[in-house]
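Asks: got a structure for you, letters missing:
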């Protein structure tokens, strides 16, 4: 693995970041202090269903804006050109759909039977504890992969931009994220996500301004690109962006992301319909600005870094080096808060959902099935410890960082989408969907996806998500026609007669 070159530590870069981290921890303690009496599980894992429109929009935006989007994405745009901005466009569609398609339906249903997690909805719809346990396992497994990518990307960015060590960066924001998430739960995650999203937008504007300044202005950079890299203006980028990549990315980072558990759970947590409608509008605009803006900045970074890719190690290093070279030393700390905020918000959101999968969906459900009552104090301790342990595990894995974080991120996205896309889509909208179909789809599709990834097997050169999602669909349809229909009680809840 090629590491990012480091310079001496830049205290100007470190201080703003430390202040921002302190704010995140303070929010966690503030949320804990204002905690309401009542159902701890609902409060800790979904914020008592009280998210307003702006906060709902920002926390959903943060789910999509990972450090991969701020580092790997613009790095690929630097390499491939304007075709990569297509990636940003499909995510704008996705966030509108996740709130508009699943948001209201999930909210109404979850209130009917007091669901707190996505797994609760799956258990209720398909009446299967085995399927619920499998769903929880898949969430924890792939979330660990995604969180590892965020830890690695954030720490690399920290090292390149500040001059301090990778390990210091990893320790710093790793501890902060685990601390405020463990203490404050979902509401702390939502509020810190809002702060992070705001800082992301500020960071993009700042980076764009100084990249243009360092490169001699927009006209000069684009003119140079026309001369030196004309292929970047070709939609297929001289073969680097083939039609198959357009298709698979539309599936992988577009339409199928609507079923990601970390996205769907936002639908359980909002306050009212007005909040949902506001979130759809705000979220769509903000995601469009951030994703298109940051990928466009990656292209313009040629004005700062005009050497071959081999000179920089990998595309993951493009944005960190651009920040280090283009932005004045005293402003680097403010500029990197944006992309690091993307990492922080993604990790915290995944941590709380992974923790709920273990505490709520496995432990608490098994205790309730035995007729046992679990005190809130014990649930609190267990939730905090579980969140901290998962975070610590991912931290240890990230100590030996893999390369190309965007590939790790996409692998985890693909696994979650394969497992949950048809299960949630058919479960919520198709009366004939049943337990057999859901089990076959989730288990068989995930196995097919992971096996083809491990064997590097592709069909027509397409990403393995195509195999996973196709196998998952075929098995769901097969199981739904061979298995028993869902019971009358389930039909009355999910598809009541008008």
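Replies: All right, it came through fine. Here the structure is a predicted model, which means the values were calculated and not measured.

Asks: elements contacting the lengthiest helix in the chain?
Replies: Longest helix in the chain, counting residues (DSSP state H): helix 166-214. For helix 166-214, the elements it packs on are helix 11-33, helix 40-46, helix 53-64, helix 129-162, helix 273-300, helix 318-326, helix 332-358, helix 376-398, judged by 3 or more CB pairs under 8 Å, 6 or more residues apart in numbering; DSSP states H and E. To be clear about C-beta, it is placed using only N, CA and C from the backbone, and glycine gets the same treatment.

Asks: next, the angle from the fourth one to helix 11-33.
Replies: Angle of helix 129-162 versus helix 11-33, following axes from the mean of the first three to the mean of the last three CA atoms, to 10 degrees, is 150 degrees.

Asks: between helix 129-162 and helix 376-398, how many degrees?
Replies: Going by the same axes, to 10 degrees, helix 129-162 makes 50 degrees with helix 376-398.

Asks: tell me the average confidence for helix 129-162?
Replies: Average pLDDT, helix 129-162: 83.

Asks: any buried residues in that helix, and which?
Replies: Neighbour counts using 16 or more other CB atoms under 10 Å place 131-162 of helix 129-162 among the buried residues.

Asks: repeat for the fifth one
Replies: For helix 273-300, the buried set under the neighbour-count rule, 16+ other CB under 10 Å, comprises 275-276, 278-280, 282-284, 286-300.

Asks: now do the same contact list for residue 111.
Replies: Residue 111 is in contact with residue 49, counting by CB atoms under 8 Å, 6 or more residues apart in numbering.

Asks: ok, how many other residues are close to residue 373?
Replies: Neighbour count of residue 373, defined by other CB atoms under 10 Å: 7.

Asks: quick one: secondary structure of it?
Replies: Assigned state for residue 373: coil (three-state reduction, DSSP: H, G, I helix; E, B strand; the rest coil).

Asks: if we can go back for a sec, lowest-confidence stretch among the helices and strands packed on helix 166-214?
Replies: helix 40-46 (a mean of 71).

Asks: quick one on the thing from earlier: so the longest helix of the chain versus helix 129-162, what angle?
Replies: If you take the same axes, to 10 degrees, helix 166-214 sits at 60 degrees to helix 129-162.

Asks: what's the angle between helix 166-214 and helix 332-358?
Replies: Going by the same axes, to 10 degrees, helix 166-214 makes 130 degrees with helix 332-358.

Asks: okay, the angle between the helix or strand following helix 166-214 and helix 166-214?
Replies: Where DSSP states H and E defines the elements, the next helix or strand beyond helix 166-214 is helix 218-228. Counting by the same axes, to 10 degrees, helix 218-228 points 100 degrees away from the direction of helix 166-214.

Asks: helix 218-228: which residues count as buried?
Replies: For helix 218-228, burial by neighbour count (16+ other CB under 10 Å) applies to 221, 222, 225.

Asks: repeat for stretch 476-490
Replies: Neighbour counts over stretch 476-490 (16+ other CB under 10 Å) mark 476, 477, 479, 480, 483, 486, 490 as buried.

Asks: please flag which of these sit within helices.
Replies: Of the buried residues of stretch 476-490, the ones assigned to helices by DSSP H are 476, 477, 479, 480, 490.

Asks: need the max-distance pair from the residues you listed.
Replies: Spatial extent of those (CB to CB) is set by the pair 477 and 490 at 19.0 Å.
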